[in-house]
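[1] have a look at this prediction, sequence included:
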Amino acid sequence: MEKGRLFGFIGTGNMGEALISGMIKAKFINPDRIMAFDIDEKRINSIIKNYKIRKAKDNLQLSYLCNPIILCVKPQSLKEVIEEISKNLDDSKLIVSIAAGVPLFAIEAYARKQLRMVRVMPNIAVTVGQGASAISPGGLANEEDIKLVKSIFDCVGKTITVDESLMDAVTGLSGSGPAYIFLVIEALIEAGVLLGISRRESSILATQTVLGSVRLLMETGEHPTILREKVTSPGGTTAVGLFKLEEGGLRKTIIEAVIGATQRAKELGERMKQ
């Protein structure tokens, strides 16, 4: 990391705070090398107090002093922010955007110039340090830029690098994915309650079952099919349960959910071209 380098965060909502917190906890950067600004005065003051980082007086000051600049604002606010700070942006500064559904070309259109950018699609699990984030570099981004952005998001989970053309699919899979998993957990809890287990105990069993299954998958490195077969005895309870899931179209429905969410992400992205 360059001596005296300031990392700037425009927006300190849940995602912005998660990144700031994760970078500090991982000792990736000292708090005094982070500067942030948010239009919510109460929010930014709380972040400054909790993490001992620097507070910018406005977006213009932050965009002048910081490199990289990490945009953690809502998609509908991004155009206004970019137009505001455009005069301080050029290809010497790295811009990192986590605005869902906003393609890199749209940001350049807002700035009316080519920029050095990396687009990232994280999911909500970054708030507990277990996020899944996909990184898409723009045309002017170099290998060091990609490495830096990957290092930042590795502080709050795992990252992959993809072509920007796959970002809608990432949105449908890992961006929306936590909601699918929460729905499955809800169903498991309700099944337990229906069968006479208390809601509290059913919740513990369901959530720990999901957590344990994921840990087993990650630590063994085995394919899900192999692990599923290990749990499934011929003619046993699991075999009957799996038959019911297949009969109800669970596999097909999940695949269709990811495809549907991806299509919706594409539709929202198309609006940026208009």
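    All right, it came through fine.
[2] what about the strands in the stretch 151-274 of the chain?
    For the stretch 151-274 of the chain, applying DSSP state E, counting those that start in this stretch gives strands covering 157-161.
[3] where do the helices sit along it?
    167-170, 177-194, 199-220, 224-231, 237-247, 250-271 (DSSP state H, counting those that start in this stretch).
[4] by mean pLDDT, show me the worst of those.
    With a mean of 91, helix 250-271 has the lowest mean pLDDT of the helices of the stretch 151-274 of the chain.
[5] and that one, what does it pack onto?
    Judged by 3 or more CB pairs under 8 Å, 6 or more residues apart in numbering; DSSP states H and E, the packing partners of helix 250-271 are helix 167-170, helix 177-194. For glycine as for every other residue, the C-beta is placed from the backbone atoms N, C-alpha and C.
[6] if we can go back for a sec, need the winner for burial among the helices of the stretch 151-274 of the chain.
    With neighbours defined by mean count of other CB atoms under 10 Å, none of the helices of the stretch 151-274 of the chain is more surrounded on average than helix 167-170, at a mean of 23.
[7] if we can go back for a sec, residue 45 is nearest to which of the helices and strands packed on helix 250-271?
    With distances scored as CB to CB, the stretch of the helices and strands packed on helix 250-271 nearest to residue 45 is helix 177-194 (29.5 Å).
[8] list the contacts of the closest one.
    The contact list for helix 177-194 (CB atoms under 8 Å, 6 or more residues apart in numbering) reads 123-125, 132, 199, 201-203, 205-207, 209-210, 254, 257-258.
[9] circling back: for the helices of the stretch 151-274 of the chain, which one sits closest to residue 35?
    Counting by CB to CB, residue 35 lies closest to helix 167-170 out of these; the figure is 27.6 Å.
[10] how far off centre is that closest one?
    From the chain centre to the centre of helix 167-170 is a distance of 12 Å (CA atoms, centre = their mean, to the nearest Å).
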